[in-house]
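In: What shape does this take:
(one chain, ligands or ions: 1)
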Amino acid sequence: MQTPQNIRVLKDDRILEIVWNESNTARLPLRLVRQSCRCAACVDEFTGRQILDPNSVPQDIGIEDIALTGNYALKIRWSDSHDTGLFTWTHLQAIGKVQAEQPAHEGQPES
Ligand SMILES: [Zn+2]
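Out: Below you'll find the predicted structure:
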C-alpha cells in the first residue's frame, strides 16, 4: 500500500492535495471526497448501499480538521459537522481514479 508523502488542504480551491510520489499528485475536490465517505452513517455496512444523498453535501463543503489515523488513513472533520468517516490511502486512491475518469470539461458545452 502506498503512503502519501504530503497532504495539504487547499482551502480556497476546496481541494485535498495528496502527493503520492514525485510523479503522482492527486487533487481531489473536497465535495467528491465527502460524497465518497464510507462510514456507517453514509453507507449501509451490510449491503454497501449508499445512504448519504450526494446532492445533500453542500457545494461549499470545507474541512475543519484533518488528522492521521495510524499510518493508514485520514480522519476528517467536515464543515457540515460530519466526522465519523475514515479515509484510508486505498480509498483515497480510488477516489482519485474516479475523478480522473470524469470528463475534464464537465458542464461546459461541447464546441
Ligand atoms: Zn460518513
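In: From now on I want contacts and neighbour counts done on CA atoms only, so please keep to that.
Out: OK.
In: For the residue nearest the centre of the chain, what are phi and psi?
Out: Taking CA atoms, centre = their mean, the centroid of the chain lies closest to residue 33, which sits 2.0 Å from it. When read as degrees, to the nearest 10, the backbone of residue 33 gives phi -60, psi -50.
In: try residue 31
Out: According to degrees, to the nearest 10, residue 31 has phi -60, psi -40.
In: tell me, how many neighbours does it end up with?
Out: 21 (other CA atoms under 10 Å).
In: what sits against it?
Out: 14, 57-62 (CA atoms under 8 Å, 6 or more residues apart in numbering).
In: Quick one: list the elements packing against the longest helix along the chain.
Out: Longest helix of the chain, by residue count under DSSP state H: helix 89-101. Here helix 89-101 touches strand 24-29, helix 30-35, going by 3 or more CA pairs under 8 Å, 6 or more residues apart in numbering; DSSP states H and E.
In: Next, the angle strand 24-29 makes with the element among helices and strands of the chain having the smallest mean pLDDT.
Out: Lowest on mean pLDDT, DSSP states H and E among the helices and strands of the chain sits helix 89-101, with a mean of 89. Counting by axes from the mean of the first three to the mean of the last three CA atoms, to 10 degrees, helix 89-101 lies at 80 degrees to strand 24-29.
In: Now tell me what touches helix 89-101 from outside.
Out: Contacts for helix 89-101 (CA under 8 Å, 6+ apart): 1-4, 26-28, 32-33, 36, 72-74.
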